[in-house]
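# quick check, what structure comes out for this input:
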Amino acid sequence: MGALMRSMDWTGTALGPVSDWPQSLRTTVSTCLNSRFPILVWWGPDFVKLYNDAYRPMIANKHPRAMGQKGRDCWPEIWHIIGPMLEGVLHRGEATWSENIMLPLERKGFAEECYFTFSYSPVRDESGGIGGIFSALTETTERVIGERRLRTLRDLAAAPSDSGMVEDACRASIEMLERNPADVPFALLYLLEGANADARLVASSGIDSDQIKAASASIQAHAQWPLTEVAESYAGRVVDGLAARLGSVPQGPWPEAPASAMVLPLVSQSYDRTIGVLILGISARRPFDEAYQDFFSLVGSQIATSIAKAGAFEAERRRAEALAEIDRAKTHFFSNVSHEFRTPLTLLLGPTEDLLSRTHGDLTPAQHDQLTLVRRNALRLNKLVNTLLDFSRLEAGRMQANYAAADLSQLTSDLASAFRSAVERAGLTYTVDCPPLSEPIFIDRDMWEKVVLNLLSNALKFTFDGGIAVTLRDEGSHVVLRVSDTGVGIAESERPRLFERFHRVQGTRSRTHEGSGIGLALVQELVKLHAGSTTVESTLDSGTTFTIAIPKGFDHLPKERVAADQARPSTALGVAPFLEEALRWSDDPDAPAAPDAEPVARSDERILLADDNADMRDYLCRILEERWTVDCVANGEEALKAAIAHPPDVIVSDVMMPGLDGFALIGELRRHAATEAIPVILVSARAGEESRLEGLNAGAEDYLTKPFSARELVARVDTQLKHVRARAGSA
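I've put the predicted structure just below:
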């Protein structure tokens, strides 16, 4: 710049010949030229420019004519900004400081977004006045724009998408880009879908609806936008002629509309193809240099990552929904096949009970042993089926508890005492300590029975020496049941999974390797229905204590499920299946045989039996014909016709029958005067409180769940006949 100054003819400038320059100007120019920091000197009332080599890159193509040029003539595009600042320093003599100020310089053939930090300092001349202004400045354009772009990338990475849907992730990303219109005047995001990779617009910014329609039409037709090339090459492309593509170009934050756009493929390692196309407008006030291109590439990569994450989330949700559907199907399956399970179980247990009770004659010892084996395993199968069904209903949210005030001490003692024979036969000590409580406890009796029996069965299964203790205590706001044993214990690593369904501790010594792995899981879920907690403490080879805590009162329970009357029939499995299985673990598993049935004279009272299963129908007929006259039919329609033609004293009907099922049969019977008062006993494989209540609400006098013994069926029928005779006598 010194050589340039020396070569110039300054006579025609506002400063005049160099020989006439005041010493203050000469000194200032010398300081400017000898500095490696960008320095600019504005001299005189016309603010003539003089600058050094370090300043030269800042004015680009305005050099060299800017040397010695008046300020207004050099920078007309920014004079409205810097002119008043210079005038203020010249007249008031006070220095200024400007940091990261935006100056739209036209130094490269277009108005460019530029940022500078500079100071204007007055320079005194020989008269003592202000002869010029000394300016030290630095361009901060790259730093300011770099920070802005970094914020955009950070916002993209943190773009919220609460739903986890791909389209929501796309819209959230574009919303982040909308915050930076200076770098991204407009954006269009298309997803490529289907075998033909059809493009579908899912999000946009900086562009109105009419422009979107035009852009969408172009995209769908693949007209002019290089979608296929970009998608297949995995490389971005710059396109020009935006007016032809969009109809009217989005303006953005500047007076000048963008002239070009970048078309980027959205690529993720999670996909084997391009998942979308991102079209980003290029600012008219920034050169599309390497830094700008890198920024767009990072934007595309971040959006592709967000889409891939959302896609993975969607896929995971679909998998979860599929698993939930499978789980629902499993529960539905268990409910539906319960009939198929319980019918053969009834046909196993009923005849076996008859034979063991010597109804059909004496058995040889070998025959008795074999039938006892059949009965024992049929009971066990029945227990497993019921447990699986209970757990299925729990998972489906269909198991409803009926809470009633109960003497929990007496109930627990009765349940625990039933296990005494099995525990003592195994050579163990047995302690039951359940002192009276200060108040009744609201529980579902059937559920509590399952909790206690499962815990006792589990304790006996894993205890070989020492004993088992059952205690019940009033501990403030809770009643606490503890079932302790001196058994094999549970390793610490296994305890976190102890209550998982189907999980079984491997390699543990036990009285049997049989088990479904859902007993403890069922216990925990049943206790949760009582707003209680289940915990376990165990030491390997020393024993285990299960602790059940149940809150007192009923404020914590659903009000609609709290009953005032606790007297109701139990639909629980009962102690027998648990006890039969426990006795089998000892050296002598055979339970005492049932006593001989006393002969009963056959009555003239008539029973109408309806069941669509031929084996079950024949079996029930044989049972009932020993006491009464029985008419057997195969379905509900035949039962209705027979009942109307010859009204029986009692009707025994299966629930699940083709055509007219058991519930519908009751409805039809109650519509006819001749049959409306006939008691109906429903027989079904559908177990549980909700099924029993459904049957009773339908109008049945009794509800018998398969499997059942012959004596139980006879007793239920006899009870209904007694009611019939009582009504007849009172009439």
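
# how close does residue 121 sit to residue 241?
48 Å (Cβ to Cβ, to the nearest Å). For glycine as for every other residue, the C-beta is placed from the backbone atoms N, C-alpha and C.

# now residue 93
54 Å.

# ditto for residue 3
From residue 3 to residue 241 the distance is 45 Å (Cβ to Cβ).

# so between the two, which is more surrounded?
residue 241 (12 against 8; other Cβ atoms under 10 Å).

# report pLDDT for the more buried one.
For residue 241, the pLDDT comes out at 83.

# now the biggest helix by length in the chain: mean pLDDT?
Assignment by DSSP state H gives helix 290-356 as the longest helix of the chain. For helix 290-356, mean pLDDT is 83.

# which secondary structure elements does it sit against?
Counting contacts by 3 or more Cβ pairs under 8 Å, 6 or more residues apart in numbering; DSSP states H and E, helix 290-356 packs against helix 141-157, helix 166-178, strand 260-266, strand 276-281, helix 365-396, helix 614-625, helix 710-730.

# so which elements touch the fourth one?
Yep, that's strand 276-281 we're talking about. Looks like strand 276-281 contacts strand 187-193, helix 227-233, strand 260-266, helix 290-356 (3+ Cβ pairs under 8 Å, 6+ apart).

# and the contacts of stretch 344-353?
Contact partners of stretch 344-353, identified using Cβ atoms under 8 Å, 6 or more residues apart in numbering, comprise 371, 374-375, 378-379, 381-382, 385, 594, 615-616, 619, 623, 706-711.

# and with 7 Å instead?
371, 374-375, 378, 381-382, 594, 615-616, 619, 706-710 (Cβ atoms under 7 Å, 6 or more residues apart in numbering).

# buried residues, that stretch. List them.
344-353 (16 or more other Cβ atoms under 10 Å).

# with stretch 420-434 instead?
Buried residues in stretch 420-434 (16+ other Cβ under 10 Å): 422-423, 425-426, 428, 430, 432, 434.

# same deal with stretch 90-104?
Residues of stretch 90-104 classed as buried: 90, 96, 98, 101, 103-104 (neighbour count, 16+ other Cβ under 10 Å).

# restricting to C-alpha, output it in CSV.
Output of stretch 90-104 as CSV, limited to C-alpha atoms (Å, rounded to 0.1, in the frame of the first residue of the first chain):
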residue,chain,number,x,y,z
LEU,A,90,-15.5,14.2,13.7
HIS,A,91,-17.6,16.8,15.4
ARG,A,92,-17.7,15.6,19.0
GLY,A,93,-14.2,14.1,19.2
GLU,A,94,-15.5,11.0,21.0
ALA,A,95,-14.3,7.5,20.0
THR,A,96,-16.8,4.7,19.2
TRP,A,97,-16.8,1.0,19.5
SER,A,98,-18.9,-1.4,17.4
GLU,A,99,-18.9,-5.2,17.9
ASN,A,100,-20.1,-7.7,15.3
ILE,A,101,-22.1,-5.2,13.5
MET,A,102,-23.7,-6.4,10.2
LEU,A,103,-22.6,-4.4,7.1
PRO,A,104,-24.0,-5.6,3.8
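
# run the chain-centre distance for it.
58 Å (Cα atoms, centre = their mean, to the nearest Å).

# sorry, back to before: now the helices and strands packed on strand 276-281 as TSV including distance to residue 59?
Shown next, in TSV, are the helices and strands packed on strand 276-281 (distance: least, Cβ to Cβ, whole Å):
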stretch	distance to residue 59
strand 187-193	34
helix 227-233	38
strand 260-266	26
helix 290-356	21
